[in-house]
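Asks: Provided below for reference: sequence and predicted model.
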Amino acid sequence: MASHRFIGDRSAPTPLASVRRQRMALGNGHIPDALRAMAGVRILYSETEKQKKPDVHIDSVEHAGRHMWRIEVPVGDELRGARPGLTLERHPANKFLDEVNDAVSFASHRPEWIDALSAPQVRRPEQPWLRRFDGTRVRPLWVYDNARHAFDNDAWPLGLVGRIFNSQGFSGTGSLIGNRLVITAGHMVPWGQSNWWKLFMPAYFNGSSLFGAGVESYVSDARGYNVNGNVTGYDWAVLRLYEPLGTSLGYFGYNSYSSDWNNLPVWSNIGYPGDIDNAQEPAFQQGFTINDTDGDNNGGEELETENCDLNHGNSGGPMYAWWNNGTDPRIVGVVSGEETEYQFPFSSRNDNVFAAGDGFTNLCAWGRTNWPA
């Protein structure tokens, strides 16, 4: 029995020149009530004995002319702030494929209320002027990469990408692919931990979501492939959220990858690299290519690129392109790691690697089948 199958269109993605010619699609602006309510509330969690309500005291405090609220929780009733997860499971490839409903759509979804934009405006931070000893004015040097730009736009699908935090102290990137589904790198999941948590903030920007401070969700469950070691080509996981963020925000589609698309400059990436704004703002790049692929017979595939700039914090971020004349963004893989490819006789090439393949889309389809709204 096959352990994986191609999901999506076999036709090549829409060329970026056509995508960029698309005008910004305006939504009707009617923000869903559920999203508006979530935006104004940030929830914390307190672990207590079963059925025991936490004894919380709130007092008004004046400090240096500023008004504050002091919140007291008794020792033993730990105010964690994080909602614990439930299950972390890895399974063989054929299990996921056997449990996929073939009728489940692989396309993206944009709610009527939200604007759509294929690329954000470039943000170029204003640099302060300095004075030299002789009084002349200069700007300090700053290092930036022409391919990557920070941005602060929550238009669809840009705002579907968010920052992920976990109980191991790591942060990375993830993307909505369903009402309660996020796809990310497998190494961002704390496999084997008993007391774990993961938090996803869509459109994260300087501490909270651009959609509102309370628009976030902890993860209840995660699934990935059962492989020996951290194999890059299988470095993906699907997450189930407690909150159905995709119902209000929409979500990406997904598509298997074809080696016929190697060297096509159609791919985009969004993530939270630590070397740009200390991972506090999302970074965008577009138009990079895949120069080589390395696949496996169980559906894992490594997509190698030498012109997509990535760093720690990009892990789990999407590699995506547009189908249906530039209206349907679909993810084909997620950021995994880097490698040095040695070539005969004395040369080498440094590549960044996306984890992809039919197994990747099979896992996405499994999530939409078994973890619907």
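Replies: Right, received. Where do you want to start?
Asks: quick one: contacts for Arg42?
Replies: Contact analysis of Arg42 by C-beta atoms under 8 Å, 6 or more residues apart in numbering lists 213-214. Quick note: C-beta positions are derived from backbone N, CA and C, even for glycine.
Asks: would it count as being in a strand?
Replies: No - counting by DSSP: H, G, I helix; E, B strand; the rest coil, Arg42 falls outside a strand, being coil.
Asks: Local confidence estimate at it?
Replies: pLDDT, Arg42: 82.
Asks: What does it show for phi and psi?
Replies: Here is the backbone geometry of Arg42 (degrees, to the nearest 10): phi -110, psi 130.
Asks: Relative to Leu199, how far out is it?
Replies: Arg42 sits 12 Å away from Leu199, going by C-beta to C-beta, to the nearest Å.
Asks: ditto for Asn370
Replies: For Asn370, the distance to Leu199 (C-beta to C-beta) stands at 22 Å.
Asks: who's more crowded, the two?
Replies: With neighbours defined as other C-beta atoms under 10 Å, Asn370 and Leu199 compare such that Leu199 has more, 20 against 16.
Asks: Spit out the contact partners of the more buried one.
Replies: Leu199 neighbours (C-beta under 8 Å, 6+ apart): 82, 164-166, 216-219.
Asks: Assumed it was part of a strand.
Replies: Yes - according to three-state DSSP, Leu199 belongs to a strand.
Asks: neighbours around the closest residue to Asp9 other than its chain neighbours, how many?
Replies: Spatially, and ignoring its direct neighbours in sequence, Asp9 is nearest to Trp323 (5.7 Å; C-beta to C-beta, 6 or more residues apart in numbering). Trp323 has 20 neighbours, counted by other C-beta under 10 Å.
Asks: Quick check: buried residues in stretch 35-48?
Replies: If you call a residue buried by 16 or more other C-beta atoms under 10 Å, then stretch 35-48 has these buried ones: 35, 38-39, 46.
Asks: now stretch 173-191
Replies: Within stretch 173-191, the residues that count as buried by 16+ other C-beta under 10 Å are 173-190.
Asks: from these, which ones fall inside strands?
Replies: Counted as lying in strands by DSSP state E, out of those, are 173-176, 181-184.
Asks: Quick one: residues contacting Gly27.
Replies: Neighbouring residues of Gly27 by C-beta under 8 Å, 6+ apart: 110-116, 156.
Asks: Recalculate using a threshold of 10 Å.
Replies: By C-beta atoms under 10 Å, 6 or more residues apart in numbering, the residues touching Gly27 are 110-116, 155-156, 250.
Asks: And for His57, nearest residue in space, chain neighbours not counted?
Replies: Using C-beta to C-beta, 6+ apart, the closest residue to His57 is Glu72 (4.3 Å).
Asks: Surely Trp191 touches Glu89?
Replies: Yes - between Trp191 and Glu89 there is a contact under C-beta atoms under 10 Å: 9.1 Å.
Asks: Which residue lies nearest the spatial centre of this protein?
Replies: Compute the mean C-alpha point of the chain, and by C-alpha atoms, centre = their mean the closest residue is Gly174, 1.8 Å away.
Asks: Contact partners for that one?
Replies: So Gly174 contacts 160-164, 181-185, 188, 198, 200-202, 219, 237-239, 241, 271-272, 315-318, 334 (C-beta under 10 Å, 6+ apart).
Asks: For Ala2, see how far away it is.
Replies: For Gly174, the distance to Ala2 equals 28 Å [C-beta to C-beta].
Asks: do the same with Tyr218
Replies: To Ala2, Tyr218 is 35 Å away according to C-beta to C-beta.
Asks: Which one's more surrounded, those two?
Replies: Taking neighbours as other C-beta under 10 Å, Tyr218 and Ala2 compare with Tyr218 leading, 20 against 11.
Asks: And the helices in this protein, which stretches?
Replies: Using DSSP state H, the helices of the chain run over residues 16-21, 33-39, 93-98, 245-249, 358-370.
Asks: Include pLDDT and distance to Tyr225 when you put the ones in strands among the buried residues of stretch 173-191 into a markdown table, please.
Replies: Compiled in a markdown table, those are given as follows (pLDDT from 0 to 100; distance: C-beta to C-beta, whole Å):
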| residue | pLDDT | distance to Tyr225 |
| --- | --- | --- |
| Thr173 | 97 | 20 |
| Gly174 | 98 | 17 |
| Ser175 | 98 | 18 |
| Leu176 | 98 | 21 |
| Leu181 | 98 | 16 |
| Val182 | 98 | 17 |
| Ile183 | 98 | 13 |
| Thr184 | 97 | 14 |
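Asks: Just flag the most distant two among the residues you listed.
Replies: Spatially, the most separated pair among those is Thr173 and Leu181, at 15.0 Å (C-beta to C-beta).
Asks: Let me see the confidence value for Leu79.
Replies: Reading off the model, Leu79 has pLDDT 50.
Asks: cool, and Asn230?
Replies: At Asn230, pLDDT is 60.
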